[in-house]
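Q: what follows is a predicted structure for the sequence shown.
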Amino acid sequence: MAPPDHAASVARSGGNAARTTGASTHSATMTDAAALGAGSISARLDRLPATRSIWKLVVLLSLGFFFELYDLLYSGYVAPGLVKSGILTATTHGLFGSTGVASFIAALFSGLFIGTIACGFLADRFGRRAVFTYSLLWYTAANVVMAFQETATGLNFWRFVAGVGIGVELVTIGTYISELVPKQIRGRAFACEQAVGFTAVPVVAFLSYLLVPRTLFGLDGWRWVVLIGAHGALFVWWIRRALPESPRWLAQQGRLDDADRVMCELEAKVRREYGRELPPPAAPVPVAPRGSFRDMWVPPYRSRTLMMTIFNIFQTVGFYGFANWVPTLLIKQGITITTSLMYSSVIALAAPIGPIIGLFIGDRFERKTVIVVMAGVNVVCGLWFSQASGAVLLVSLGVCLTLAGNIISYSYHAYQTELFPTSIRARAVGFVYSWSRFSAIFTAFMIAAVLRNFGTTGVFVFIAGAMMIVMLAIGLMGPRTKGLELERISK
């Protein structure tokens, strides 16, 4: 048995110092010794080699992200079925009508907005592991109820309820992954999460192609698509048993003994797989005490909060403006429901390829650079798509748009978790990310109106303008983060 790490002793002594001064694990401040002990936990984690045990944690969380994306992205694929069943209409009567496909999409994003802006603090308060589990059970139950609704009102209400749970889950998974992996693989870890998660896109697209045009056992096909995803999500309850709580979160809360126990178990597994003694940890960077909402509005976090708020408002237009409307846009160009869903299924096969590319480039390039370049690709391919008519060209450009969007997705999910300290990470990510959900509420109605009045070309001109703002915000305001410790980025 290898001798305990020096950093482990520092962490334990930090915990003892906190107790001898009478500090509670729930106190509002941390002593200097406890802050240094928490920094030692982070230093121990960052020096770990990326062995099988580290990647296993990433894959388990990524499986949770798979079911989350399934629920998040099936809107566009089941929309033709909802119209066919008479529950919704393809277009919206009035700008904010409640019986069109746009209202169904807006209901989801209204829930996502509430879940991210109002509930993001839950993971900072109660821990990453617990919130990861219970938010998933929340939206699974809501989706089961939604699958049996017969009216637009009932459908939209339960889609909203599901959206609240999905919003909390989105914030929690990103925070969880950033805190469980060493600094040298953060980009690749998020690429893995997105690669596994985005396999949900071809799955839901293919299931929709098979089921949406049909009725099975008296149930419309779209209902089966929803129920399949809901039942699969229950699998994640089993996954959670293999997931530890974030040691960074435990240490930041002053629970240094618990954090040390998690780290010792992880270090023992990694040491066995590594085959030799682990490299020594770097000098610890003291961890800030528990934070609050106002901490987002002091330098350097104020400019980061503003930058990511602007980014999230406009990136949604590009990503969901295409992903949620692919079948409808194709139908608008004269393609039948069945053929549209077939084309969409082929395009959706590209969804996990973007993050797979990220497994090779995720930690080689600055994330801000990747975001800007891929936003430019989105502009060019989108405008070209609006003018295309041949099947091969439409599908090829759709694949390019999907690749660009998903490379942006894994890059910015990693990026925004890096920009804030552990004390406010979930709360801050929830706040900035919530504006993408808020934007999507109105984007759905705006795209419906643009599509009705200006056709597919108008939709992609609208998207191109939004992506130009994305390029300016990240390109001009974004700090560099590649290869840096989370604690140093936060200084």
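A: Good, I have the coordinates.
Q: least confident secondary structure element in the protein?
A: helix 6-20 (a mean of 41; mean pLDDT, DSSP states H and E).
Q: state the mean pLDDT of stretch 439-447.
A: The average pLDDT for stretch 439-447 rounds to 78.
Q: just use 17 as the starting number from now, easier for me
A: OK, 17 is where the count begins now, so the last one is stretch 455-463.
Q: how about it: buried residues?
A: Of all the residues in stretch 455-463, those buried under the rule 16 or more other C-beta atoms under 10 Å are 455-463. Glycine gets a C-beta too; all of them are placed from N, C-alpha and C.
Q: next one: stretch 222-239
A: Buried residues in stretch 222-239, defined by neighbour count with 16+ other C-beta under 10 Å: 222-225, 227-229, 236-239.
Q: please apply the same query to stretch 153-162.
A: Buried residues in stretch 153-162, counted by 16+ other C-beta under 10 Å: 154-160, 162.
Q: can you pull out the strands in the chain?
A: Secondary structure of the chain by DSSP state E: the strands cover 231-232, 235-236.
Q: nearest spatial neighbour of C208, chain-adjacent residues omitted?
A: Nearest residue to C208, sequence neighbours excluded (C-beta to C-beta, 6 or more residues apart in numbering): V74, at 5.2 Å.
Q: ok, the one you found - contacts?
A: V74 is in contact with 193, 196-197, 205, 208-209, counting by C-beta atoms under 8 Å, 6 or more residues apart in numbering.
Q: among these, which are in helices?
A: Among these, the ones falling in helices (DSSP state H) are 193, 196, 205, 208-209.
Q: and the residue nearest to L502 when sequence neighbours are not counted, what does it touch?
A: Leaving aside its chain neighbours, L502 sits nearest to E434 (6.3 Å; criterion: C-beta to C-beta, 6+ apart). Contacts for E434 (C-beta under 8 Å, 6+ apart) come out as 194, 202, 383, 497, 500, 502, 505.
Q: and if you look at N159?
A: Taking C-beta under 8 Å, 6+ apart, one finds 87, 174, 178, 242-243, 245-246 in contact with N159.
Q: try 7 Å
A: 87, 178, 242, 245-246 (C-beta atoms under 7 Å, 6 or more residues apart in numbering).
Q: still on that earlier bit, for the strands of the chain, which one sits closest to G131?
A: Nearest to G131 among these is strand 235-236 (27.3 Å), distances taken as C-beta to C-beta.
Q: ok so, going back, pLDDT value on the residue nearest to L502, please?
A: We have a pLDDT of 93 for E434.
Q: Q403 versus that one, what's the distance?
A: Distance of E434 to Q403, computed by C-beta to C-beta, to the nearest Å: 38 Å.
Q: and if you look at R68?
A: 48 Å.
Q: give me the number of residues near the closest residue to G370 other than its chain neighbours?
A: Nearest residue to G370, sequence neighbours excluded (C-beta to C-beta, 6+ apart): N422, at 3.3 Å. Number of residues near N422 (other C-beta atoms under 10 Å) recorded here: 28.
Q: which ones are touching N422?
A: 210, 214, 367, 370-371.
Q: then A404?
A: Residues in contact with A404 (C-beta under 7 Å, 6+ apart) are 410, 413.
Q: centroid residue for this protein?
A: L186 (4.5 Å; C-alpha atoms, centre = their mean).
Q: report pLDDT for that one.
A: Each residue has a pLDDT score; the one for L186 is 85.
Q: relative to Q432, how far out is it?
A: 11 Å.
Q: how about I377?
A: 19 Å.
Q: what's the local residue count around the closest residue to L266 other than its chain neighbours?
A: Nearest residue to L266, sequence neighbours excluded (C-beta to C-beta, 6+ apart): A275, at 3.8 Å. When neighbours are counted by other C-beta under 10 Å, A275 registers 30.
Q: any idea how far L61 is from A275?
A: 10 Å.
Q: how about low-confidence regions in the stretch 217-366 of the chain?
A: 248-249, 304-306, 339-357 (pLDDT under 70).
Q: mind doing that once more with 90?
A: Filtered on pLDDT under 90, the stretch 217-366 of the chain yields the residue ranges 217-222, 224-225, 228-231, 233-234, 245-258, 268-270, 297-311, 315-316, 332-366.
Q: try the stretch 367-507 of the chain
A: 367-380, 397-415, 417-418, 421-422, 425-426, 437-440, 442-443, 452-477, 479, 498-507.
Q: let's see it at 70
A: In the stretch 367-507 of the chain, residues with pLDDT under 70: 507.
Q: what about the helices in it?
A: 369-377, 383-403, 407-434, 441-493, 502-505 (DSSP state H, counting those that start in this stretch).
Q: so which residues make contact with the second one?
A: Contact partners of helix 383-403, identified using C-beta under 7 Å, 6+ apart, comprise 203, 334, 410, 413-414, 416-417, 420-421, 423-424, 427-428, 430-431, 472-473, 475-476, 479-480, 483-484, 486-487, 490-491, 494, 497-498.
Q: check the shortest one too.
A: Taking contacts as C-beta under 7 Å, 6+ apart, the residues outside helix 502-505 that touch it are 55, 58, 194, 301, 303, 434-435, 497.
Q: mind redoing it with 10 Å?
A: With C-beta atoms under 10 Å, 6 or more residues apart in numbering as the test, helix 502-505 has contacts from 54-55, 58-59, 61-62, 194-195, 199, 202, 264, 298, 300-304, 316, 320, 433-438, 441, 495-497.
Q: which residues touch the residue nearest to L266?
A: Contact analysis of A275 by C-beta under 10 Å, 6+ apart lists 27, 30-31, 53-54, 56-58, 60-61, 260-269.
Q: quick one: neighbours of G131, just the number.
A: By other C-beta under 10 Å, the residues close to G131 number 30.
Q: so L61 versus V393, what's the distance?
A: 35 Å.
Q: please say which of these two ends up with more neighbours.
A: Set side by side, L61 and V393 show more neighbours around L61, with 27 against 17, by other C-beta under 10 Å.
Q: hmm, M279 and the more buried one touching each other?
A: Yes - in terms of C-beta atoms under 10 Å, L61 counts as a neighbour of M279; the distance is 6.7 Å.
Q: just to revisit the earlier point, intersection of neighbour lists for A275 and L61?
A: 262-264, 267.
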